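Q: what follows is a protein structure lacking sequence information:
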């Protein structure tokens, strides 16, 4: 394929405002596409950075944005500034061949470019408002507005990427998007991004955990969608069989206080450690020091944390919402109940040496199917459909 000039539109990236999982997806995919010989510009929010940088071969075109008020109002302002910046960048660099938006946030900018300038675009869905709300439609006005933006992006975009069959089914059910427009391309990871040679005993000591104790790790937003409350409710049944296990929770969200309260109520507070938001080094340390990663989601469009766990060669327990896992091959699947999660955790620690082999199997699968080099190639094949 000849070299393309590609415009990526996202409300977050690793080198602007970083909110969640879209940030590494956008930056790492962009870097991999640039390494394949294409010119990539990421239109994103400025945060506390300069308006332009070239980082790892990617041009970051950062725009001003509101930081107060409803998130939809903030995104309206961001979309307006993205629209204006787009033409300024074209004057300097030349016309873009491909426009690629990520999630609902930049949709209005892309729709304006289509309506007024006849520019087709591709949209990647990373999740839906329905899924983020726990597999149901929310009744408040802003949630309905976000859902409308999501529908609009699906309706106006020429091609769509989703990260899993689960998410494909979800957007088809909610937004009636034609089968022919949807491309399934999974999330990716740079191999050995997470793997570290660390001393697990030293990491455990930072929380006063005994060197011989086993550790279960949760990493993610502390919200209803991610099911962290079900994991906390499962802890007593695990401790009844394995009293030396500790649970480390990394992440912030509206359910953190509730989960801490649950741990006190069910008598497991001594074994539950809530770290809140943690810097990268703390994340890397615990991912490599733990024995098991649990992903108790009620809705999981893909589950990048599974790839991160596999990269560190850690076994994973996920609910049936985490379709990435092959049951009892590279992880264990639980029902979406505390009882099932507890059973799976107890099963895993019944023979932790055997369970650990699932993490090694997962790493092999990652190397074959989920590297950014492969994901970038598959994404560029979708770009061809827009030319």
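A: Arrived safely, thanks for sending. Because the structure is predicted, anything quoted here is derived from the model rather than measured.
Q: the stretch 201-350 of the chain: helices as residue ranges?
A: Here the stretch 201-350 of the chain has its helices, by DSSP state H, counting those that start in this stretch, at 228-239, 256-265, 280-289, 304-311, 338-350.
Q: how many neighbours does residue 143 have?
A: Using other CB atoms under 10 Å, residue 143 is surrounded by 16 other residues. Where C-beta positions appear, they are placed from N, C-alpha and C, glycine not excepted.
Q: how near is it to residue 128?
A: Residue 143 is 11 Å from residue 128, where distance means CB to CB, to the nearest Å.
Q: equivalent analysis for residue 311, please.
A: Distance from residue 311 to residue 128, by CB to CB: 27 Å.
Q: hmm, back to that, just the helices of the stretch 201-350 of the chain: most buried one?
A: helix 304-311 (a mean of 26; mean count of other CB atoms under 10 Å).
Q: hey, which helix or strand in the chain has the poorest pLDDT?
A: helix 129-132 (a mean of 84; mean pLDDT, DSSP states H and E).
Q: now tell me what touches the next helix or strand after that helix from outside.
A: Using DSSP states H and E, the helix or strand that follows helix 129-132 in sequence is helix 141-156. Applying CB atoms under 8 Å, 6 or more residues apart in numbering, the contact partners of helix 141-156 are 70-72, 75, 101, 104-105, 107-108, 110-111, 114, 121, 123, 125, 128-130, 133, 137-138, 160, 171, 174-175, 177.
Q: buried among the residues you listed? Make that a PyMOL selection.
A: Filtering the contacts of helix 141-156 down to the buried ones (16 or more other CB atoms under 10 Å) takes a single PyMOL command:
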select buried, resi 72+75+101+104+105+107+108+110+111+114+121+123+125+128+129+130+133+160+171+174+175+177
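Q: in strands, which of the contacts of helix 141-156 fall?
A: 101, 123, 125, 160 (DSSP state E).
Q: got these as JSON lines, with distance to residue 322 columns?
A: Formatted as JSON lines, those follow (distance: CB to CB, whole Å):
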{"residue": "101", "distance to residue 322": "26"}
{"residue": "123", "distance to residue 322": "24"}
{"residue": "125", "distance to residue 322": "17"}
{"residue": "160", "distance to residue 322": "22"}
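Q: of these, which is the nearest to residue 292?
A: Checking the ones in strands among the contacts of helix 141-156 against residue 292 with CB to CB, the nearest one is residue 125 at 29.9 Å.
Q: not counting its neighbours along the chain, what's nearest that closest one?
A: Once flanking residues are discounted, residue 125 sits nearest to residue 162: 5.1 Å by CB to CB, 6 or more residues apart in numbering.
Q: burial count for the one you found?
A: By other CB under 10 Å, 26 other residues sit near residue 162.
Q: check the one 4 residues further on too.
A: The number of residues packed around residue 166, counting by other CB under 10 Å, is 20.
Q: can you check residue 223 too?
A: So residue 223, with other CB under 10 Å, has 20 neighbours.
Q: what does stretch 23-30 rub up against?
A: Against stretch 23-30 from outside (CB under 8 Å, 6+ apart): 8, 10, 12-15, 40, 42, 44, 56, 58, 102, 126, 187-190, 304, 372, 375-376, 379.
Q: now do 6 Å
A: Stretch 23-30 is touched from outside by 8, 10, 12, 13, 14, 40, 42, 58, 102, 372, with contacts defined as CB atoms under 6 Å, 6 or more residues apart in numbering.
Q: okay, the residues you listed in CSV with neighbour count and pLDDT next?
A: Putting the contacts of stretch 23-30 into CSV (neighbours: other CB atoms under 10 Å; pLDDT from 0 to 100) gives the following:
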residue, neighbour count, pLDDT
8, 27, 99
10, 26, 98
12, 23, 96
13, 28, 97
14, 19, 95
40, 25, 99
42, 27, 99
58, 26, 99
102, 26, 98
372, 23, 97
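Q: quick check: residue 202 vs residue 288, distance?
A: Residue 202 sits 11 Å away from residue 288, going by CB to CB.
Q: same check, this time on residue 160
A: The value you get for residue 160 to residue 288, if CB to CB is used, is 36 Å.
Q: which non-adjacent residue is nearest residue 383?
A: In this structure, residue 383 finds its nearest non-sequential neighbour in residue 98, 4.8 Å apart by CB to CB, 6+ apart.
Q: now do the one you found against residue 171, distance only.
A: Going from residue 98 to residue 171 by CB to CB gives 21 Å.
Q: okay, now residue 275: neighbour count?
A: 16.
Q: contacting residues for it?
A: Per CB under 6 Å, 6+ apart, neighbours of residue 275: residue 250.
Q: so what pLDDT did it get?
A: Confidence at residue 275, expressed as pLDDT, is 97.
Q: where does residue 166 fall, secondary structure wise?
A: Counting by DSSP H and E, residue 166 is found in helix 165-175.
Q: what's the angle between that helix and helix 141-156?
A: 100 degrees (axes from the mean of the first three to the mean of the last three CA atoms, to 10 degrees).
Q: so for helix 165-175, mean pLDDT?
A: Computed over helix 165-175, the average pLDDT equals 93.
Q: so how far is it off the chain centroid?
A: Centroid displacement of helix 165-175 relative to its chain, using CA atoms, centre = their mean, to the nearest Å, is 17 Å.
Q: which element follows that helix toward the C-terminus?
A: Per DSSP H and E, the first helix or strand lying C-terminal to helix 165-175 is strand 182-184.
Q: helices and strands around that next one, which ones?
A: The contact analysis (3 or more CB pairs under 6 Å, 6 or more residues apart in numbering; DSSP states H and E) places strand 182-184 against strand 159-162.
Q: packing partners for the strand it packs on?
A: Using 3+ CB pairs under 6 Å, 6+ apart, strand 159-162 is in contact with strand 122-125, strand 182-184.
Q: which residues are in contact with the shortest one?
A: Okay, so that is strand 182-184. Under the criterion CB under 6 Å, 6+ apart, residues 160, 161, 162, 168, 382 lie in contact with strand 182-184.
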